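Novice: All I have is the shape, not the residue letters:
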């Protein structure tokens, strides 16, 4: 254990007592930062973040933008542990330049996001939003939905969340198509999935679920041309990252009736505020079921990701290497 009480600042909300006790048991002092107006760290200004992090040795972060100028302003900071798995908001080049260790909470939230993916599929296909609104407004009529059972589902990407989605889909007797740059053939054979090109997947699938990472070459992976390949009775599900789908093109496709509906937990406007009105118009549509990037936010999912982040922080501050599954950036030797 550490004897000099390393400072850990936590900026995301819902950080539980078990994770705090774990850090304290490993010689860390823990501060749950309260940002002005009780805002989330994604909405915090750089000055506000610097104010709460100035004396921190470690930062457990939610969705804040971790920029080069922010990292350069925090010379004491040794490790940034993302409570989640996406790290597109972190300047990894700047982290390497300033000697910061960056970790993600691998294995913490994949079950929760997989559950949300199935929930959005079912809610969109069964028209739950429209049915409830009819009951509220009255009079209600019976709206015919669509089954997930025995349908063809296209999975774009084959990471941990995608595999958990596939495992759940097997219970629905679905035919599963997968598009990935790195097919796993032994896995594919064991799960009876078919690897196909993206265009083929879009043409054949009744549901298309996105599980790819957001990188420069995957931005607008689903664009107007690819949306046009989908069936008119198909549903698009995105629980991965806003920006993988061209939301303006998706809105146009929904308005034109080119696809049946969408289930969305992520939006382009999260990274591009100029698209906020596109998001607002899209989520108002009756055939869209939407949640605010909260797929990982279950009691159990956050407890798991909190503990993974805490473990990464304690490892680095104790001069040890965090799990290789969690380490995104950092010197070869994390001892400090």
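Specialist: Structure received. Predicted model only: the values in this text are computed from it and were never measured.
Novice: pretty sure residue 118 contacts residue 165?
Specialist: Yes: contact status for residue 118 versus residue 165: in contact at 6.9 Å, counting by C-beta atoms under 8 Å. C-betas here are computed from N, CA, C, even on glycine.
Novice: quick one, which of those two is more surrounded?
Specialist: It is residue 165, of residue 118 and residue 165, that has more neighbours when counted by other C-beta atoms under 10 Å, with 25 against 20.
Novice: phi, psi of that one?
Specialist: Residue 165 adopts backbone torsions of phi -60, psi -40, taken as degrees, to the nearest 10.
Novice: State the pLDDT value of it.
Specialist: pLDDT, the model's per-residue confidence, is 98 for residue 165.
Novice: for the one 4 residues further on, same thing?
Specialist: Residue 169 carries a pLDDT score of 98 in this model.
Novice: contacting residues for it?
Specialist: With contact taken as C-beta atoms under 8 Å, 6 or more residues apart in numbering, residue 169 is in contact with 118, 148, 153, 176.
Novice: one more time with 7 Å
Specialist: Applying C-beta atoms under 7 Å, 6 or more residues apart in numbering to residue 169 gives the contacts 153, 176.
Novice: which stretch of helix or strand covers it?
Specialist: Under the criterion of DSSP states H and E, residue 169 resides in helix 160-169.
Novice: in that helix, what's buried?
Specialist: When burial is assessed from 16 or more other C-beta atoms under 10 Å, helix 160-169 yields the following buried residues: 160-166, 168-169.
Novice: Same question for stretch 209-221.
Specialist: Along stretch 209-221, the positions that meet the burial threshold by neighbour count (16+ other C-beta under 10 Å) are 209-212, 214, 218, 221.
Novice: Check stretch 125-134 too.
Specialist: If you call a residue buried by 16+ other C-beta under 10 Å, then stretch 125-134 has these buried ones: 125-127, 129-131, 134.
Novice: Counting only helices, which of those make the cut?
Specialist: Among the buried residues of stretch 125-134, the residues falling in helices (DSSP state H) are 125, 129-131, 134.
Novice: what about residue 126, distance to residue 296?
Specialist: Residue 126 sits 23 Å away from residue 296, taking C-beta to C-beta, to the nearest Å as the criterion.
Novice: Same check on residue 114?
Specialist: Per C-beta to C-beta, residue 114 is found 10 Å from residue 296.
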